[in-house]
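A.B. asks: Fold the following for me, if possible:
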Amino acid sequence: MFKSVMFVFLLLLVPLVAGAVSLSVVDEGSVVVAELDNPARYSFTINAGGEDTLELYSLVGVTFSPRGSFDVEDGSQKVDVLAFTNRDIRKREGIFSFEYFLTSRLSGIQSDILQLRVASLQDTLEVYPVNMRYLDTSLTFILKNNQNARLENLTLTFSTPFFTEQKSVSLSPFGTANVTIAIDSEKRSKLAAGAYIVEVEVAQPQGGKGVIEGTLHYLEQQGTSVSETSEGFVIRQKTVEKINAGNVVVADSITIQKDIISRLFTSASPAPAEVKRSGLSLSYIWNEQLQPGESWSVTVTTNYTLPLLILLLVIVISFLVHIYTSTAVVVRKQVSYVKTKGGQFALKVRLVVRAKHHVDSVQVIDRLPGMAKLYEQFGLRPDRLESATRRIFWDVGALQAGEERVFSYIMYSDIKPMGRFELPAATTVFEHKGKTHEVMSNRAFFLADTMQSE
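C.D. replies: Residues are numbered from 1 along each chain as shown. Okay, here's the model as predicted:
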């Protein structure tokens with residue numbers, strides 16, 4: 001029996017010796033915060049005598065990651081190990097030494113001692129004091145990690161009378177982090193200068209949390225802050241707002257300048273206390289007594305609608321005058337109703353061609369609507385009629401400056417139109433100063449129901 005046991009023991013001893021595992025440990029952050037749930041961190045350098053399966057564990061309330069068994073290759077390799085402590089261990093601050101075991105498939109079980117340190121959140125994290133001025137729009141807090149603890153994914157909630165803000169940070173051992181927070185200007189304007197406590201709640205995703213405190217010094221400030229806003233284009237509105245940023249009563253004033261033209265279209269709310277003229281400009285002045293934290297504003301509105309309308313009208317008139325004076329020939333088309341014995345629908349068309357300058361090779365072209373026919377026994381007979389395009393031509397030749405010619409004809413149809421009957425514009429082609437030009441007449445129409453024409 002004894003020989004059998006010794007034989008089995010020797011069989012187990014052979015692979016243990018052949019595949020022995022050795023390791024060395026480096027501290028990567030062995031401080032555990034009592035209020036949080038951060039793990040102690042170590043770097044294990046494992047030398048395996050072959051491909052092996054290992055497992056780390058402890059019997060004193062410490063669990064490891066990697067959890068359970070894990071495979072290693074032949075040779076040296078690094079494994080990051082996290083040691084999680086239970087609440088009982090974190091209740092007592094100071095050094096905590098514990099035994100851990102390493103189980104190897106090839107070489108059996110070996111053990112050693114690891115140390116970690118439990119520290120309070122107050123001893124671990126520190127918020128440096130910060131100064132705040134009245135015109136500051138943000139503050140930067142410096143958060144210092146005073147321990148050999150790696151703290152990741154911390155959620156920090158900063159609470160002061162000036163703001164409440166939540167930020168996320170991670171801290172390496174003995175590292176620092178800058179946390180920038182926007183200032184609530186509305187809350188700040190109602191608070192006096194002095195020292196304020198900054199309460200910072202520190203929480204982790206695993207559920208642990210605690211509170212630390214810092215100091216915020218709100219520095220004294222005397223004077224006023226000014227903000228100006230302008231909006232609108234045609235109706236321009238400018239608002240000037242001032243706030244007493246100090247701790248004493250301030251005799252304040254607002255001055256807005258306008259030129260002598262824009263002042264004619266300017267109104268102010270409230271009315272200025274004083275108006276001063278200097279050359280071609282006017283200065284509107286308002287005065288006010290401001291209590292600490294009190295604000296006041298002045299709004300000035302300049303309405304450019306009327307001057308813009310006048311300017312637009314001048315531009316349109318100038319454009320029309322330019323078009324009229326630059327056109328050498330003007331054509332007007334008129335239409336009137338004609339009664340017939342046979343009851344057909346008939347219209348008399350009258351084309352008035354007037355030359356403002358001497359022109360040559362004048363040709364007047366008009367077009368009959370699709371259902372209409374030309375009554376050839378009236379007016380000046382056209383020089384040419386195109387059946388395909390239904391266009392009629394008059395070759396005029398030259399016209400002297402100021403000369404006017406009238407061409408009239410009657411068109412008729414067996415079908416009486418209903419409602420508005422519109423005729424196409426007539427065209428006049430001519431030569432002026434060696435260049436060929438073309439002008440169009442107006443589009444004449446006839447109201448068949450009312451027997452009115454334009």
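
A.B. asks: report the longest helix in this protein, please.
C.D. replies: helix 305-326 (DSSP state H).

A.B. asks: how about the helix or strand just after that one: buried residues?
C.D. replies: Remark: after helix 305-326, the chain's next helix or strand is strand 329-338, criterion DSSP states H and E. Going by neighbour count (16 or more other C-beta atoms under 10 Å), the buried part of strand 329-338 is V329, V331, K333, Q334, V335, S336, V338. (Glycine included, C-beta is placed from N, CA and C.)

A.B. asks: Show me the beta-bridge partners of the first one.
C.D. replies: To tie it back to what came earlier, the one meant is V329. According to DSSP bridges, the partner residues bridging V329 are A355.

A.B. asks: List the contacts of it.
C.D. replies: V353, R354, A355, K356, V359, V362, L399, T428, F430, H432, H437, V439 (C-beta atoms under 8 Å, 6 or more residues apart in numbering).

A.B. asks: What's the mean pLDDT across the longest helix of the chain?
C.D. replies: Summarised as a single mean, pLDDT over helix 305-326 is 81.

A.B. asks: E403: how many residues sit nearby?
C.D. replies: For E403, the neighbour count with other C-beta atoms under 10 Å is 15.

A.B. asks: Excluding chain neighbours, what is closest to it?
C.D. replies: Distances taken as C-beta to C-beta, 6 or more residues apart in numbering place A355 nearest to E403, at 5.1 Å, with adjacent residues excluded.

A.B. asks: what's the answer for R391, then?
C.D. replies: Nearest one to R391, counting by C-beta to C-beta, 6+ apart, is R367 at 4.9 Å.

A.B. asks: what do you get for T215?
C.D. replies: Spatial nearest neighbour of T215, chain neighbours left out: P129 (4.4 Å); criterion: C-beta to C-beta, 6+ apart.

A.B. asks: Repeat that for D184.
C.D. replies: In space, and not counting its chain neighbours, D184 is closest to F163: 4.7 Å by C-beta to C-beta, 6+ apart.

A.B. asks: I'd say the one you found and T180 touch.
C.D. replies: No. The criterion here is C-beta atoms under 8 Å, and F163 misses it with T180 at 11.7 Å.

A.B. asks: For the helix or strand containing T103, which outside residues touch it?
C.D. replies: T103 belongs to strand 94-104 when assigned by DSSP H and E. If you take C-beta under 8 Å, 6+ apart as the criterion, strand 94-104 is touched by 19, 21, 23, 48, 52-60, 62, 64, 85, 89, 109-118.

A.B. asks: strands paired with that strand, and their directions?
C.D. replies: Assessed with DSSP bridges, strand 94-104 is paired to strand 52-58 (antiparallel), strand 108-119 (antiparallel).

A.B. asks: Return the most buried member of the ones you listed.
C.D. replies: strand 52-58 (a mean of 17; mean count of other C-beta atoms under 10 Å).

A.B. asks: what sits against the closest residue to S361 other than its chain neighbours?
C.D. replies: Nearest residue to S361, sequence neighbours excluded (C-beta to C-beta, 6+ apart): E431, at 4.6 Å. By C-beta under 8 Å, 6+ apart, the contact set of E431 is V359, D360, S361, H437.

A.B. asks: on that earlier part again, chain center to the longest helix of the chain: distance?
C.D. replies: From the chain centre to the centre of helix 305-326 is a distance of 40 Å (C-alpha atoms, centre = their mean, to the nearest Å).

A.B. asks: That one versus strand 329-338: what angle between them?
C.D. replies: 90 degrees (axes from the mean of the first three to the mean of the last three C-alpha atoms, to 10 degrees).

A.B. asks: CA atoms of helix 305-326 as PDB?
C.D. replies: Provided in PDB are the C-alpha atoms of helix 305-326 (Å, rounded to 0.1, in the frame of the first residue of the first chain):
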ATOM      1  CA  THR A 305     -38.200 101.500 -44.000                       C
ATOM      2  CA  LEU A 306     -39.200 105.000 -45.300                       C
ATOM      3  CA  PRO A 307     -35.700 106.000 -46.600                       C
ATOM      4  CA  LEU A 308     -35.300 102.600 -48.200                       C
ATOM      5  CA  LEU A 309     -38.700 102.900 -49.900                       C
ATOM      6  CA  ILE A 310     -37.700 106.400 -51.200                       C
ATOM      7  CA  LEU A 311     -34.300 105.000 -52.400                       C
ATOM      8  CA  LEU A 312     -36.000 102.100 -54.100                       C
ATOM      9  CA  LEU A 313     -38.500 104.400 -55.800                       C
ATOM     10  CA  VAL A 314     -35.700 106.600 -57.100                       C
ATOM     11  CA  ILE A 315     -33.800 103.600 -58.400                       C
ATOM     12  CA  VAL A 316     -37.000 102.200 -60.200                       C
ATOM     13  CA  ILE A 317     -37.800 105.700 -61.700                       C
ATOM     14  CA  SER A 318     -34.100 106.100 -62.800                       C
ATOM     15  CA  PHE A 319     -34.200 102.600 -64.400                       C
ATOM     16  CA  LEU A 320     -37.400 103.300 -66.300                       C
ATOM     17  CA  VAL A 321     -36.200 106.600 -67.500                       C
ATOM     18  CA  HIS A 322     -33.000 105.000 -68.600                       C
ATOM     19  CA  ILE A 323     -34.900 102.300 -70.500                       C
ATOM     20  CA  TYR A 324     -37.200 104.800 -72.100                       C
ATOM     21  CA  THR A 325     -34.400 107.200 -73.200                       C
ATOM     22  CA  SER A 326     -32.100 104.400 -74.400                       C
END
